[in-house]
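Peer 1: sequence first, predicted model second:
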Amino acid sequence: MNILEVHNLKKYFATQKAVDDISMSIPKGDIFGLLGPNGAGKTTLIRMITGIFYPDEGEILLKGKKFDPENDVKYIGYMPEERGLYKKMKIGEQALYLAQLKGLGKADAMHKIKDWFKRLEMESWWNKKVEDLSKGMGQKLQFVITVLHEPDLIILDEPFSGLDPINANLIKDEIYRLAQNGTTIIFSTHRMEQVEEICNHIVLVNKGKKILDGTVQGVRQDFKENLFGIQLENNPETISSPSFEIIGTGKLELTVKINEGFKPNDVLGYFMNQGSNIVSFKEILPSLNDIFIKLVEGTPTARQFEKVTT
Amino acid sequence: MYKIILIIKREFLTRVRKRTFIIGTILFPLLYLGLIFGTGYIANKTREDLKIALIDQSGLFREELIRSVNGNDTANSLRLVTVSPEKLKLSFDSIGYDGYVIIPENFDWRSGVDTIKVNTKKSFGAGAIDPVEKKINLMWNKIKHDSLGLDNTKDAILSKSVTLKLNNEKNRNADAGIASTIGYVCGFLMYFILLLYGSQVMMGVTEEKTSRIAEVVISSVKPFQLMIGKIIGIGMVALTQFLIWIACIFIIYNVTKTTGSGGVASAMVGRIQEVFTSVNIPLTVGCFIFYLLGGFFFYSSLYAAIGSAINEDMREAQSLSFPITMLIIFSIALMTPAISNPSSPIAVWTSIIPFSSPIVMMARIPFGVPNTVPWWQLGLSMLLLIAGFMFTTWFAARIYRTGILMYGKKPSWKEMIKWAFRK
């Protein structure tokens, strides 16, 4: 079952088609990556999913029903890219206030806050103010506030920026734990290595349009260029075969590109015939980073302002 | 609705619990009184006292005459000197005079002369020579009386005059003096509250926007709920402060009624008692609360709209909020003519039109309802104010929902109005 479906969503601003006919669906319990360069329309798309903006056209289905921002906000937890908290308010009170705004009862909210604060070792923060926290601590607090009301769909915009590796891992583990318990997580970022590590599905958005949609493995397979890394005990002096070309020579490893109509076995056969001892042989899949750059490159880095006629 | 109450509660509690609220509540009345008495005191203190040398060429202004008028007002003194005008002109300031006057030879006791110059080497304020003028005229009067042969009894008869006092037959207790004082106090109090709390709303909204908490909150509540919650919350703070002041006045009133006696205190008590009997206090307080809230909603929603449009830069706030602040200042400027003539057409209409009605109507109400302010005017004014703040709130909410998530360039008023009327 898809927790979220988006059909032909459009949002035009005066000078930009921020989101231009995007459709996607996200299965329940998935960790979903929403990728795109700066200004691609990610934030606008997220703001429509969180009910901050109304779409100009198209529909959003949450849990199979038409999204009703008024009542459905309790199913969604949103952590915006720019962190926002009341600087002068005590942390405990602030968490309680924001949880109550999401529709939690006071006692229930209190119980959950205590629970989370204990787990993330934040108990001593209760009477501190946000302005007393470091950037990373603020980040942790923001995460707790986002997930406190146990939403079915959590949207995290660049959740790891500003976190040290220890705290980043802490949050990462919490994300895995939530996903295992059936929570769906949308992850908006341009840090590709994190996406590769965490996400199952990705959608790549550029200039308001969806340009890629699939599983992380599927996408990497789709964009593979038949590259293999081969490591030999000693490199032969001359290598030439119709089955492949060498496109990179490292100290111990060769990168080869297999030509059309040939198979990896042909490459291995060639080196075995040459009498070379093969230490390792592996397929090199393109990283998401490479795919991202390949797809987005060539389009202007910043979107130009344009006249929008609807 | 429950969420709006949560927001109101937060806005109210975070402000009321602040030390600045408690200090402000205590200090403001003290400062206010200090301002009234202080300016009077300073004006008194900084009055320019003149020491004037007098050369009498007419032979009418004798030494004992001068001494007798100096006795009444010792601060400004006249001294008869007998040197020549040329010599005095050169040296009057070095021998300690601020200036000198010459009574010319042709000064006749019947007709006098039109003007006499006070020659000085410094500039003085507009009213500085009034006491000197008064003294010279007083002396001339004595000269006239002596020459006409009037003795002290006849003199006393001549100087008798009558005092006029207004007596409103419909409203026995009306006292124009007290009514204008209360009118001024109400008008200025309204002015301060609108400006102070209006800008608090503006800064509160800007703070939520720049700290990006708005985006977190708006993913839970509608922008309108956040805006109206803040306005109502801060409005409650203003109301609480006002009610504390009213309670204090009643306590002072009751305490002084039972214990106040003797000297200055009893005079003060007398004044306060007079105020309570001559002005319809429950009606005035009730109307003040209505106009306080109505005016506050009217202006603060506009301030909220501006707060949502600006970014970190406080100068943007100033330039955008200028037209709104001008409206409040304009209202206070309209208050003075309204108090001096509370039934004039300008007073009537500006107390009905929503933007100026909170201040001008509050200045008129102490003059009496329904004599000075008929019920229809009060009713119409209240209805229009309700309609007015409903419009500004609607208008502001539409700017707010766009502005609160818009970062970057400061919008112009034109753009903001475009936001408001976009579908």
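Peer 2: Noted; the coordinates are in hand.

Peer 1: so which bits of chain B are right by chain A?
Peer 2: B:3, B:6-7, B:10, B:14, B:208, B:211-222, B:405 (C-beta under 8 Å from any C-beta of the partner chain). C-beta: built from backbone N, CA, C; applies to glycine.

Peer 1: dump the residue contacts of B:Phe224.
Peer 2: B:Phe224 makes contact with B:Ala397, B:Tyr400, B:Arg401, according to C-beta atoms under 8 Å, 6 or more residues apart in numbering or on different chains.

Peer 1: apply 6 Å and report the result again.
Peer 2: B:Ala397 (C-beta atoms under 6 Å, 6 or more residues apart in numbering or on different chains).

Peer 1: element containing it?
Peer 2: helix B:223-259 (DSSP states H and E).

Peer 1: can you pull the pLDDT of the residue of chain B at minimum distance from chain A?
Peer 2: Nearest residue of chain B to chain A (C-beta to the nearest C-beta) works out as B:Arg212 at 3.1 Å. For B:Arg212, the model assigns a pLDDT of 84.

Peer 1: picking up where we left off before, so for the helix holding B:Phe224, mean pLDDT?
Peer 2: For helix B:223-259, the per-residue pLDDT averages 85.

Peer 1: equivalent analysis for stretch A:113-131, please.
Peer 2: Stretch A:113-131 comes out at a mean pLDDT of 88.

Peer 1: name the residues that touch that stretch?
Peer 2: Counting by C-beta under 6 Å, 6+ apart, A:Leu85, A:Lys87, A:Lys88, A:Lys90, A:Ile91, A:Gly92, A:Ala95, A:Lys140, A:Val144 sit against stretch A:113-131.

Peer 1: and the last one, which helix or strand is it part of?
Peer 2: Assignment of secondary structure by DSSP H and E places A:Val144 within helix A:135-147.

Peer 1: buried residues in that helix?
Peer 2: A:Met137, A:Gly138, A:Gln139, A:Lys140, A:Leu141, A:Gln142, A:Phe143, A:Val144, A:Ile145, A:Thr146, A:Val147 (16 or more other C-beta atoms under 10 Å in any protein chain shown).

Peer 1: give me the secondary structure label for B:Asp94.
Peer 2: Residue B:94: Ser, not Asp. Judged by DSSP: H, G, I helix; E, B strand; the rest coil, the three-state class of B:Ser94 is coil.

Peer 1: gap between it and B:Leu88?
Peer 2: 11 Å (C-beta to C-beta, to the nearest Å).

Peer 1: which of the two has more residues huddled nearby?
Peer 2: B:Leu88 (19 against 7; other C-beta atoms under 10 Å in any protein chain shown).

Peer 1: enumerate every residue touching the more buried one.
Peer 2: With C-beta under 6 Å, 6+ apart, B:Leu88 has these contacts: B:Tyr100.

Peer 1: what's the pLDDT at it?
Peer 2: So B:Leu88 comes in at 81 (pLDDT).

Peer 1: quick one, phi/psi of it?
Peer 2: Backbone torsions of B:Leu88, given as degrees, to the nearest 10, read phi -60, psi -40.

Peer 1: the helix or strand hosting A:Glu197: what's the following helix or strand?
Peer 2: Per DSSP H and E: A:Glu197 is located in helix A:192-198. Sequence-wise, the next helix or strand downstream of helix A:192-198 (DSSP H and E) is strand A:201-206.

Peer 1: quick one: the closest residue to A:Ala168 other than its chain neighbours from A:Ala18, how far?
Peer 2: With sequence-adjacent residues excluded and distances taken as C-beta to C-beta, 6 or more residues apart in numbering or on different chains, A:Ala168 is closest to A:Phe160, at 4.8 Å. Distance from A:Phe160 to A:Ala18, counting by C-beta to C-beta: 25 Å.

Peer 1: give me the more crowded residue out of these two.
Peer 2: Using other C-beta under 10 Å as the criterion, A:Phe160 and A:Ala18 rank with A:Ala18 on top: 24 against 21.

Peer 1: and the more buried one, helix, strand or coil?
Peer 2: strand.

Peer 1: residues contacting the residue of chain A found nearest chain B?
Peer 2: Across chain A, the shortest distance to chain B (C-beta to the nearest C-beta) belongs to A:Gly84, at 3.1 Å. Contacts here follow C-beta under 6 Å, 6+ apart; on that basis A:Gly84 touches B:Ser211, B:Arg212, B:Ile213, B:Glu215, B:Val216.

Peer 1: from the chain's centre, how far out does the helix or strand hosting B:Asn119 sit?
Peer 2: According to DSSP H and E, B:Asn119 maps onto strand B:118-120. Distance, stretch centre to chain centre, for strand B:118-120: 36 Å (C-alpha atoms, centre = their mean, to the nearest Å).

Peer 1: can you list the neighbours in contact with that strand?
Peer 2: Contacts for strand B:118-120 (C-beta under 6 Å, 6+ apart): B:Gly99, B:Tyr100, B:Val101, B:Ile129.

Peer 1: most neighbours of all the residues you listed, which one?
Peer 2: Neighbour max across the contacts of strand B:118-120 (other C-beta under 10 Å) = B:Tyr100, 23 neighbours.

Peer 1: quick check: that residue touching B:Leu50?
Peer 2: No: judged on C-beta atoms under 6 Å, B:Tyr100 makes no contact with B:Leu50 at a distance of 10.6 Å.

Peer 1: show me the shaky parts of the stretch 201-310 of chain A.
Peer 2: Across the stretch 201-310 of chain A, the ranges flagged by pLDDT under 70 are A:298-310.

Peer 1: for it, what spans make up the strands?
Peer 2: Using DSSP state E, counting those that start in this stretch, the strands found in the stretch 201-310 of chain A span residues A:201-206, A:209-215, A:227-232, A:244-249, A:253-258, A:278-284.

Peer 1: make a markdown table out of these and add distance to B:Asp151.
Peer 2: Below are those laid out as a markdown table (distance: least, C-beta to C-beta, whole Å):
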| stretch | distance to B:Asp151 |
| --- | --- |
| strand A:201-206 | 107 |
| strand A:209-215 | 109 |
| strand A:227-232 | 130 |
| strand A:244-249 | 130 |
| strand A:253-258 | 131 |
| strand A:278-284 | 128 |
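
Peer 1: among those, which is the most enclosed?
Peer 2: Scoring the strands of the stretch 201-310 of chain A by mean neighbour count under mean count of other C-beta atoms under 10 Å in any protein chain shown gives strand A:201-206 as the most buried, with a mean of 23.
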